[in-house]
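*Asks:* output the structure for:
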Amino acid sequence: MIGKLLSLFGGWQGYAVAAGVAALLAGFGTGYLVHRIDGSRLAALKEVNATAALHAVQRVSAVRQKQAAVTEAAAISAAREEAKLETERFHTSERIVVHVQDRSRCITYGLVRVLNGAATGSGTGAGQVAPGQSDDACAPVTWRSFAADVADDYVTSRENSAQLNALEKNVRGLAEAQDGGH
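*Replies:* Sure, this is the predicted structure:
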């Protein structure tokens with residue numbers, strides 16, 4: 001081929017054209033080779049990236065499954081505790097009728113005022129009493145209704161405590177499931 005080029009171009013111009021063609025062929029060959037090498041590196045990087053993405057999705061899925069199990073267990077436990085406390089509330093109201101009699105001395109406005117203040121957080125003296133009613137005057141509250149209110153408040157307090165404990169346990173379980181996934 002170089003001979004044909006030399007015959008087309010005589011003298012030094014033929015050598016120059018031949019050298020140019022040789023340089024172009026070498027450049028194209030080198031470019032093609034570099035492209036093939038870069039292509040294989042790119043393919044390897046894509047494969048590594050796809051594998052890493054797959055593992056990340058699997059880890060997240062495992063963490064979510066653990067967290068779902070923790071949340072489900074917490075919900076079941078909370079439902080059982082609530083049912084237990086509601087049963088206790090019912091049985092307590094039944095026992096009030098048996099054990100608390102309304103025949104004894106009355107409940108005083110002073111006691112009602114102190115308990116209402118404690119319940120609302122407004123202080124013991126902040127409750128309004130009907131005009132002309134001293135702390136020693138009988139309030140229009142029966143012992144049975146008083147006992148029912150106090151017992152209901154206690155059960156509600158225990159319900160709130162159980163809910164808070166369950167929430168704390170659930171949050172710890174979710175955090176442990178998250179940490180275990182890494």
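
*Asks:* hang on, residue 77 packs against residue 166?
*Replies:* Yes. Residue 77 lies in contact with residue 166 (CB atoms under 8 Å); the separation is 6.1 Å. For glycine as for every other residue, the C-beta is placed from the backbone atoms N, C-alpha and C.

*Asks:* toward the C-terminus from the worst-scoring helix or strand of the chain on mean pLDDT, list the very next helix or strand.
*Replies:* Taking mean pLDDT, DSSP states H and E as the measure, the chain has helix 2-8 as its least confident helix or strand, at a mean of 56. Past helix 2-8, further along toward the C-terminus, the next helix or strand under DSSP states H and E is helix 12-99.

*Asks:* packing partners of that following helix?
*Replies:* helix 2-8, helix 143-180 (3 or more CB pairs under 8 Å, 6 or more residues apart in numbering; DSSP states H and E).

*Asks:* what's the angle from that helix to helix 143-180?
*Replies:* Taking axes from the mean of the first three to the mean of the last three CA atoms, to 10 degrees, one finds helix 12-99 and helix 143-180 inclined to each other by 160 degrees.

*Asks:* show me how far helix 12-99 is from its chain's centre.
*Replies:* Distance of helix 12-99 from its chain centroid, counting by CA atoms, centre = their mean, to the nearest Å, is 19 Å.
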